[in-house]
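1. Turn this into a model:
(2 chains)
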There are 2 protein chains.
Amino acid sequence: MMQEHGDHAHPGVNLPPEAAARILVTGAWIDESLLSPLRDLGYAPRRPSSPFLSEDALISELRGAVAYLHGGEERATPRALRAVRETLRVVAFLGVGYENFVDVAAADELSIVVTNTAGAATDSVASFTVGQIINANWRIPQGLGNRLPDWRGPHDLPHELSARRVGIIGLGAIGARIADILTRSFGADVAYFSRTRRHDVEEALGLRFLPLHELAERSDILVVMVPETEKTRAMVDAGVLARMRPGAVLVNTARPAIVDPAALHASMRKGEVHLAVFDGYYGPDCEMGRRLLDDFGDRLLVTGHVASHTQEATARMVRQAVRSIANVLTAGGDEHAVGLTRRARR
Amino acid sequence: MMQEHGDHAHPGVNLPPEAAARILVTGAWIDESLLSPLRDLGYAPRRPSSPFLSEDALISELRGAVAYLHGGEERATPRALRAVRETLRVVAFLGVGYENFVDVAAADELSIVVTNTAGAATDSVASFTVGQIINANWRIPQGLGNRLPDWRGPHDLPHELSARRVGIIGLGAIGARIADILTRSFGADVAYFSRTRRHDVEEALGLRFLPLHELAERSDILVVMVPETEKTRAMVDAGVLARMRPGAVLVNTARPAIVDPAALHASMRKGEVHLAVFDGYYGPDCEMGRRLLDDFGDRLLVTGHVASHTQEATARMVRQAVRSIANVLTAGGDEHAVGLTRRARR
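-> Next comes the predicted model:
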């Protein structure tokens, strides 16, 4: 914990060189009161004039800011970061998967520290994902509004989760939490694939580690929970999807781009993946994302990247981001830095 | 366990007096192979000609049957039971809440044994209910299809379940299982009301027992899980609902009639109950049930009594009902009898 850097009791100790230097804060849902530690340190947090920022609007909002708390949907592009390189020292991204929102390579080049809020939303994302697994397994959204069941025979009924084989791709904090809930509370048979083996979790929960293709082959429900990086983008590709059992469910509450949309389209056409869950969907410029919705809309459960956004998780995220900003501005660095630049310019 | 009465190894031992006496089996989703123990005992299980049986159709289907495995949506009325009193010795209801489907008082008068399949669907109903709690809490069904979140501010976000107070009405096997999942896996703060105090469960899970009105008053999410009886019908009435917190969620995955529909309508109008979940809804002849759907359809999550109907739970239920029928026909009684008549006529 580096909380002492943001200590409210000594507001003047670490005052920045500029009086009331500005900090841009995007994300309309952020509670103003959570920003007071920044005010106490002498900074002026400032909201943008519009919730949706184009690149030019972002540049104009960032002008003169020493820090940028990114909680909106806008993209901190290389051009935007370059335009404010003289003043900007830190971008604190609210959430884990910053890849589509902050160009960390550009920030590194400009020696701007980028932080994220890993860990703050573990419980929220895991709970939401388990809810969507139950939804997909029981086809609850499809059945809403029916007063009577419409099964045609015994094989049309859903299975209990205790009779389902679940595969989890990625056993970080969230993946491990999902595995914990599914095994302990629902008796599901869970296996996983992860770049890093987690022998501790395997032993505690009785999980099996499998290579990715074998995991796809054995899973009735395949859960995607890896961060988006160069290496994980389209990691769930045609080769993985071709291994899936006919009628299987794909649950992607990580970033959409982990799943190759063209491969998913082919798989849903063949009936391998019967139902797919996304929390956060391919951008409007993704042609194949549109075709998936057009052709298989009734077999997609899409929500707008909401899993991590509970009041408790967002408050935790904002507090953590505020601490990161304070740490970088006052002490030069922060433990939650994600890029190569881990110390701010002085 | 009374499994020995249905022992496949000695099919001839307990043959009934009539050769190949008929057994009516309703419920299109029942797997034929699960009925073979009855065939092995020399009985002839028989499916109805139509999945939806009027009272007259039911009487005609029941004619000559010694047993009736009730897995459909038809009602075994006093008139229907009286019409076949000469031959019918047992009605095995598939499920727990038989009250709307089998007139047990009439069966008692006619000395027909009625059994149910309590316990067989505990995991399925508990899992489904937890799924609907997550749905209601995150408003997932309302958000499906939105590519971006549409919150207006921080107070519009859902809460984590670890920050929710859940009240459970009824701490039988299913209620206790729901409490177990919510406390252990989701860290919810759970209290309960039950006719019978369960000190063992209270201690194991750290639950608090509260009188019904106080439970309603403290709960963000109120879960109904009692069987329907004379005493529980409309148990959640205007007095209970008036205590609920504005914006609260009511989750009724037990029988609809436990909740007074007129009181619920008034409560939803005032905004006390913001969202209500039903698995199985008021009959089409319930005027207030229709008005609820008309006026607050977007705040109701209604499914067609599907929670208990997984392949595993129904197989367990059918096996248990088949054993109960065999027990009554061959030994005269069964441990799962629910009425006053616990021994069949000889």
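2. Report the rounded mean pLDDT for stretch A:46-53.
-> Stretch A:46-53 comes out with an average pLDDT of 91.
3. How about that stretch, which residues are buried there?
-> Neighbour-count burial for stretch A:46-53 flags A:47-48, A:53 (criterion: 16 or more other Cβ atoms under 10 Å in any protein chain shown). Where C-beta positions appear, they are placed from N, C-alpha and C, glycine not excepted.
4. Tell me the secondary structure of the spatially most central residue of chain A, please.
-> Geometric centre of chain A, nearest residue: residue A:97, 4.5 Å, by Cα atoms, centre = their mean. Secondary structure assignment for residue A:97 (DSSP: H, G, I helix; E, B strand; the rest coil): coil.
5. Wait, it touches residue A:256, no?
-> No: counting by Cβ atoms under 8 Å, residue A:256 is not a contact partner of residue A:97; they are 10.1 Å apart.
6. Could I get the phi/psi values of residue A:147?
-> Torsion angles at residue A:147 (phi, psi; degrees, to the nearest 10) stand at phi -80, psi -20.
7. Now do the contacts for it.
-> Each residue near residue A:147 by Cβ atoms under 8 Å, 6 or more residues apart in numbering or on different chains is listed here: B:281, B:284, B:302, B:304.
8. Let me know the distance separating the first one from residue A:339.
-> This means residue B:281. Here the criterion is Cβ to Cβ, to the nearest Å. By it, residue B:281 lies 54 Å from residue A:339.
9. got it, and the second one?
-> As defined by Cβ to Cβ, residue B:284 lies at a distance of 61 Å from residue A:339.
10. neighbour count winner among these two?
-> A count of neighbours by other Cβ atoms under 10 Å in any protein chain shown puts residue A:339 above the other of residue B:284 and residue A:339, at 21 against 9.
11. where's the more buried one, which helix or strand?
-> Following DSSP states H and E, one finds residue A:339 outside all helices and strands.
12. okay, now residue A:32: neighbour count?
-> If you count neighbours by other Cβ under 10 Å, residue A:32 ends up with 12.
13. just the strands in chain A please.
-> A:22-25, A:44-46, A:65-70, A:90-93, A:113-115, A:165-169, A:189-193, A:208-209, A:221-224, A:248-252, A:273-279, A:300-303 (DSSP state E).
14. For those, give me JSON lines that also has distance to residue B:171.
-> JSON lines is the format used below for these (distance: least, Cβ to Cβ, whole Å):
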{"stretch": "strand A:22-25", "distance to residue B:171": "46"}
{"stretch": "strand A:44-46", "distance to residue B:171": "48"}
{"stretch": "strand A:65-70", "distance to residue B:171": "45"}
{"stretch": "strand A:90-93", "distance to residue B:171": "44"}
{"stretch": "strand A:113-115", "distance to residue B:171": "46"}
{"stretch": "strand A:165-169", "distance to residue B:171": "29"}
{"stretch": "strand A:189-193", "distance to residue B:171": "29"}
{"stretch": "strand A:208-209", "distance to residue B:171": "35"}
{"stretch": "strand A:221-224", "distance to residue B:171": "30"}
{"stretch": "strand A:248-252", "distance to residue B:171": "32"}
{"stretch": "strand A:273-279", "distance to residue B:171": "32"}
{"stretch": "strand A:300-303", "distance to residue B:171": "32"}
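15. Which among those strands is found nearest to chain B?
-> strand A:300-303 (4.9 Å; Cβ to the nearest Cβ).
16. Return the distance of the closest one from the chain's centre.
-> 16 Å (Cα atoms, centre = their mean, to the nearest Å).
17. Also stretch A:155-172?
-> 22 Å.
18. hmm, that stretch touching chain B?
-> Yes: for stretch A:155-172, a contact with chain B is found by Cβ under 8 Å from any Cβ of the partner chain, at A:155-163.
19. which parts of that stretch are buried?
-> Result for stretch A:155-172 [16+ other Cβ under 10 Å]: buried residues A:157-172.
20. Would you mind listing where chain A has pLDDT under the threshold?
-> Scanning chain A for pLDDT under 70 picks out A:1-19, A:150-154, A:345-346.
21. longest single helix anywhere in it?
-> helix A:311-331 (DSSP state H).
22. relative to strand A:65-70, how tilted is that one?
-> 160 degrees (axes from the mean of the first three to the mean of the last three Cα atoms, to 10 degrees).
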